[in-house]
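Trainee: Got a predicted structure plus its sequence, pasted below:
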Amino acid sequence: MKVFNDVLDMQSYSKGLRLKGKTIGFVPTMGALHEGHLSLVKRSLEENDITVVSIFVNPIQFGPQEDLDRYPRDLEGDRKKLESLGVDALFLPTPEKMYPEGFKTYVTVEGLSEKLCGAFRPGHFRGVTTVVLKLFNIVKPTRAYFGLKDFQQTLIIKTMVRDLNLDIEIVPCPTVREPDGLAMSSRNSYLSEDERRGANLIYLAMKEAEKTLMESMSFSRAVETLNEHLRKSPHVREIQYASLYDPETLEDLRDVDVKIYGKKEAVFAVALLYGKARLIDNLIVKIGGRE
Ligand code: AMP
């Protein structure tokens, strides 16, 4: 596996491959890799000639009070996992190489970046779209793989790619969960043993809410069920958001009549301050009988 620390080295490696007609699959990550990340990597390996993974804890997507300094890092472990899967290249830039002095340009997807997580993490998605656009220009992928675990992020990236006419296929990949339903996340390592035991509550609450939705065909009742379940846990410090949303616009559907909602799918999405972590998760649901 080739390892690149330098932007120009990475860029010229990719340029050479694209000139030879090779397809490049790309998986951007912040490291501390788990099976969720690796599912994206495996998919890329299946679908492309070359697979590139980046590990970069991007400072501009963290707020001043957030966990940039304590974000889990395991570079040696990550490198071994990627090597054993057969990844072709690992891109490991430093913040100084990505944001040299004088850096001035940011990209924002308006209208989606302020909602859900964006309301609680101002500037977060601007940091994400800016770094992803830079990584796309450096790695030059044919396809890029993103997890539906971060539903809003994947939607925002897809929108950026469409609006800026980037010639890259965005491949959304299903959420990989622990056996008890907890969505895998590097941040789960912040949880104490006791907190970890109850941390599948978001998944269980969303499954209950889905059941309510199917039985009642009422968005507001489903959202009530969701919140009732989330409030039961002693570890929940704050429910930042917990509702059902339009998966294209992120409009909150709780006050919408199912009969006038014309779409086939909706998405439950939740963010909690839970124990020592901030947890997010979501569940895409079909609206009964709509094909
Ligand atoms: P991160 O390192 O958290 O920035 O995540 C890098 C990529 O892996 C993003 O596209 C995430 O959506 C994806 N990802 C993280 N956790 C999971 C998971 N449990 N299942 C599927 N994809 C995931």
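Mentor: Sure thing, it's come through. Residues are numbered from 1 along each chain as shown.
Trainee: Around the ligand, pick out the residues from this protein.
Mentor: Counting by CB under 6 Å from any ligand atom, the chain comes close to the ligand at 29-30, 36-37, 39-40, 146-147, 149-150, 173, 175-176, 183-186. C-beta coordinates here come from the backbone N, C-alpha and C atoms, glycine included.
Trainee: Contact partners for the residue in the stretch 101-250 of the chain that the ligand sits nearest to?
Mentor: In the stretch 101-250 of the chain, the residue that lies nearest the ligand is G147 (2.3 Å; CB to the nearest ligand atom). When contacts are counted by CB atoms under 8 Å, 6 or more residues apart in numbering, G147 touches G36, H37, S39, L40, T154, P172, C173, P174, T175, V176.
Trainee: give me the beta-bridge partners of it?
Mentor: C173 (DSSP bridges).
Trainee: cool, E238 as well?
Mentor: L273.
Trainee: gap between it and R231?
Mentor: Going from E238 to R231 by CB to CB, to the nearest Å gives 11 Å.
Trainee: Contacts only, for the residue lying closest to P72 once chain neighbours are set aside.
Mentor: If the residues on either side of it in the chain are set aside, P72 comes closest to A32, at 4.0 Å by CB to CB, 6 or more residues apart in numbering. A32 makes contact with Y71, P72, R73, D74, D78, S186, S189 under the criterion CB under 8 Å, 6+ apart.
Trainee: how about a cut-off of 7 Å?
Mentor: P72, R73, D74, S186 (CB atoms under 7 Å, 6 or more residues apart in numbering).
Trainee: Of those residues, which is the nearest to K276?
Mentor: Closest to K276 out of the contacts of A32 is P72 (12.5 Å), distances taken as CB to CB.
Trainee: number of nearby residues for the closest one?
Mentor: Around P72 there are 15 other residues, counting by other CB atoms under 10 Å.
Trainee: Do I have it right that T159 meets E110?
Mentor: No. In this structure T159 lies outside contact range of E110 using CB atoms under 7 Å: 9.6 Å.
Trainee: The two: which has the busier surroundings?
Mentor: T159 (18 against 9).
Trainee: Assumed that one was part of a strand.
Mentor: No. Read with DSSP: H, G, I helix; E, B strand; the rest coil, T159 is helix and lies in no strand.
Trainee: what about it, distance to R143?
Mentor: 17 Å.
Trainee: Go ahead and list the helix or strand containing K80.
Mentor: In this structure, K80 sits in helix 75-85 according to DSSP states H and E.
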